[in-house]
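1. Attaching a predicted model along with its sequence, questions to come.
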Amino acid sequence: MSHSPRIRTVVSCTALVVALGAAATACGSDDHPLSAKPYDAAGQISFSGPVGEKKPGKVDPDKPLVITSDDDGRITDVTATDASGRYVAGELAADGARWHSTSPLAAGAHYTVRVSTEDEDGAPGRKVVGFDTGTPKTKKTLDVTFGPKAGKYGVGQPVTAELSAPVKDKAARAVVERALKVDSTPAVEGAWHWVDDKTLHYRPKEYWPTHATITAHSNLGGIKIGDRLWGGNAKTLKITTGDRLIALTDAATHTLTVYRNGEQINQIPVTTGKPGFDTRNGVKVVLGKEYFVRMRGTSIGIAEGSADSYDLPVYYATRVTWSGEYVHAAPWSTGSQGYANVSHGCTGMSTSNAEWFFDTFNVGDIVKVVNSDGDTMDAFGNGFGDWNLGWKSWRDGSALVGGSADAPNPAERARLRPESV
C-alpha cells in the first residue's frame with residue numbers, strides 16, 4: 001500500500017499541519033477552513049502552539065509562511081493570495097521539499113493557499129486551505145501622505161510621498177516603494193527617488209504629458225515593512241496637468257523666452273543676478289505666486305546700509321525656490337533689462353511683463369536658466385530641482401534599482417525669507 005505525501009504548513013509559531021493524499025480535495029468550513037472539523041485522515045487540519053492574540057485561528061503575520069513535504073512526496077506548486085487577489089511571493093526548493101514566502105503577509109487579512117503535490121509514483125495531489133492573520137503584539141504604523149494637493153499643475157510637478165516614520169533599511173525601503181503606485185493617463189515611464197529617510201519623489205523620465213491625469217495610491221495597508229513596522233493609512237491623490245509651459249531664461253542674452261506646447265509665444269527682456277549674486281542655472285519648478293512681497297537684503301546676509309542693501313515692495317512675484325528666487329516685476333531696473341544683469345539673483349522684468357508672466361504660469365510649470373555664472377539648482381532642498389538629475393541618476397535613487405542618493409536633511413528644506421531682487 002502506497003503512502004500519501006504529507007504537507008505541513010507553518011505560519012509564525014502556529015503550526016498548520018495538512019496531510020495531503022494524492023487525490024485530496026479542499027476541506028474545511030466556508031467561514032474558517034483552519035478551524036473546521038477533520039474531514040478524514042488524508043485531509044486533517046489542526047493547530048499546535050499559540051494561535052494569536054485574541055481570536056483562536058488567527059496567526060501572527062510577523063512570520064513567514066512555510067510549507068514542507070515528507071519523504072514520500074514533493075511539492076510541485078504553491079500559490080497564496082489574500083482576499084483582494086494579491087499574491088504572496090515565494091520560493092520553492094529544487095527538490096520540492098519546501099516552499100517559503102518571500103514577501104510579507106498583511107495583518108488582519110484572509111489568505112487562501114493552494115498546494116499541488118506529487119507522490120513517489122507521480123500521482124498528483126492538491127489541497128486548498130485558508131487562514132486569517134491577526135495583529136502583531138507590538139507594532140508601529142507607517143502612514144503615507146502624497147503631495148501636492150489635488151488640483152491642476154504644470155508638467156514639471158513631481159509627486160511626493162511623506163512617510164510618518166523614517167525608513168533606512170534598503171529591504172524595508174523596497175517594500176515601501178513597491179507598494180506606492182503612480183499611474184498616469186497617458187501612461188509614461190517613471191520612478192520613485194528617495195530624497196531622505198522619510199521623503200520620496202516620483203517623476204517621469206521626461207516631463208508629464210499635457211492634459212494628463214495622474215493618480216498616486218498605496219498598497220501598504222497592513223503590510224509588514226520592517227521590525228515592528230507595518231503599513232498604515234494613505235489617501236489616494238489625483239492631479240491633472242495643463243499645457244506644457246516652459247520659460248527659458250538666457251542670462252547671456254538677457255531674455256526670457258516662453259514656449260507653450262513647444263511653440264514660442266513670448267520673449268521678454270530681463271535682468272538676472274549680477275556677479276556675486278548670480279542666478280542659479282538649471283531647471284526649476286514654479287512653487288507658488290505672490291502678488292506682493294517685501295524683499296530685504298538682510299534676508300540674505302547683506303548688511304543694512306551697505307552698497308548692496310535693499311528694502312523694496314515687489315509685485316507679481318512667481319516663486320521658484322524656497323530660499324527666495326522669483327521671477328518678478330522690477331521697475332527700478334527697466335533700463336538694464338535686455339542689456340545687463342544687475343539683480344541680486346532673481347529674474348526681473350517690467351511690471352506689465354511680470355503681470356503677464358504671473359497670469360500665465362502656475363504651480364508646476366517650468367523655469368529654466370542657462371548661461372549664468374551661478375551654480376546649478378540643487379536637485380532637492382530648495383524647491384523642485386528634480387529635473388536636474390539625469391534619468392540614470394534618478395533611477396539610482398530607487399530602492400528597487402540602486403542605492404539611495406545622498407540628499408539634504410528635511411530641516412535643510414526650510415522655507416526661508418525672500419532673498420533677492
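-> Nice, I can see it.
2. Apart from its neighbours in sequence, what residue is nearest Asn362?
-> In this structure, Asn362 finds its nearest non-sequential neighbour in Gly154, 5.9 Å apart by Cβ to Cβ, 6 or more residues apart in numbering. Backbone N, C-alpha and C define where each C-beta goes, glycine included.
3. Within its local environment, how many residues does the one you found see?
-> By the criterion of other Cβ atoms under 10 Å, Gly154 has 23 neighbours.
4. Just the pLDDT for it.
-> Per-residue pLDDT puts Gly154 at 98.
5. got it, and the one 10 residues further on?
-> Model confidence at Ser164, expressed as pLDDT, equals 95.
6. for the closest residue to it other than its chain neighbours, what are its contacts?
-> Excluding the flanking residues, the one nearest Ser164 by Cβ to Cβ, 6+ apart is Asp143, at 4.1 Å. Applying Cβ atoms under 8 Å, 6 or more residues apart in numbering, we find Asp143 in contact with Leu163, Ser164, Gly232, Asn233, Ala234.
7. Secondary structure element holding Lys149?
-> If you go by DSSP states H and E, Lys149 is not part of any helix or strand.
8. continuing past the lowest-mean-pLDDT helix or strand in the chain, what's the next helix or strand?
-> Lowest by mean pLDDT, DSSP states H and E among the helices and strands of the chain is strand 45-48, with a mean of 28. As assigned by DSSP H and E, the chain's next helix or strand after strand 45-48 is strand 58-59.
9. hmm, back to that, filter the contacts of Asp143 down to just the ones in strands.
-> Among the contacts of Asp143, the ones falling in strands (DSSP state E) are Leu163, Gly232, Asn233, Ala234.
10. Can I get those in a markdown table including distance to Ser306 and neighbour count?
-> Output for the ones in strands among the contacts of Asp143, formatted as a markdown table (distance: Cβ to Cβ, whole Å; neighbours: other Cβ atoms under 10 Å):
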| residue | distance to Ser306 | neighbour count |
| --- | --- | --- |
| Leu163 | 44 | 22 |
| Gly232 | 52 | 20 |
| Asn233 | 52 | 13 |
| Ala234 | 50 | 22 |
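11. Tell me where the model's unsure across the stretch 251-400 of the chain.
-> Residue ranges of the stretch 251-400 of the chain with pLDDT under 70: 297-303, 305, 307-311.
12. what about Gly122, neighbour count?
-> Around Gly122 there are 8 other residues, counting by other Cβ under 10 Å.
13. Could you measure from it over to Gly73?
-> Noted for Gly122: a distance of 10 Å to Gly73, by Cβ to Cβ, to the nearest Å.
14. Phi and psi next, for Arg228.
-> Dihedral pair for Arg228: phi 60, psi 20, per degrees, to the nearest 10.
15. for Trp332, same thing?
-> According to degrees, to the nearest 10, Trp332 has phi -70, psi -10.
16. The helix or strand encompassing Glu290 pairs with which strands, parallel or anti?
-> Following DSSP H and E, one finds Glu290 within strand 288-296. Applying DSSP bridges, strand 288-296 is found paired with strand 311-319 (antiparallel).
17. List the contacts of the partner strand.
-> Here strand 311-319 makes contact (Cβ under 8 Å, 6+ apart) with 286-297, 325-330, 332, 351, 354-355, 357-358, 361, 367, 418, 421.
18. Can I get that strand as CSV, trimmed to CA atoms?
-> Listed next in CSV are the C-alpha coordinates belonging to strand 311-319 (Å, rounded to 0.1, in the frame of the first residue of the first chain):
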residue,chain,number,x,y,z
ASP,A,311,14.2,97.0,1.1
LEU,A,312,11.6,97.1,-1.7
PRO,A,313,7.9,96.3,-2.3
VAL,A,314,7.8,93.7,-5.1
TYR,A,315,4.7,92.8,-7.2
TYR,A,316,3.8,89.9,-9.4
ALA,A,317,6.3,87.6,-7.8
THR,A,318,6.4,84.0,-9.1
ARG,A,319,8.5,81.8,-6.7
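19. How far away from the center of its chain is that strand?
-> Centroid separation between strand 311-319 and its chain, computed with Cα atoms, centre = their mean, to the nearest Å, is 34 Å.
20. ok, the following helix or strand past that strand: who's next to it in the sheet?
-> Using DSSP H and E, the helix or strand that directly follows strand 311-319 along the chain is strand 326-329. Strand pairing for strand 326-329, determined by DSSP bridges: strand 311-319 (antiparallel), strand 347-349 (parallel).
21. Surely Pro275 is in contact with Gly374?
-> No - between Pro275 and Gly374 there is no contact under Cβ atoms under 8 Å: 9.9 Å.
22. higher neighbour count, those two?
-> Higher neighbour count among Pro275 and Gly374: Gly374, with 18 against 8, using other Cβ under 10 Å.
23. got the contact list for that one?
-> Applying Cβ under 8 Å, 6+ apart, the residues near Gly374 are Gly273, Asp278, Thr279, Arg280, Asn281, Gly345.
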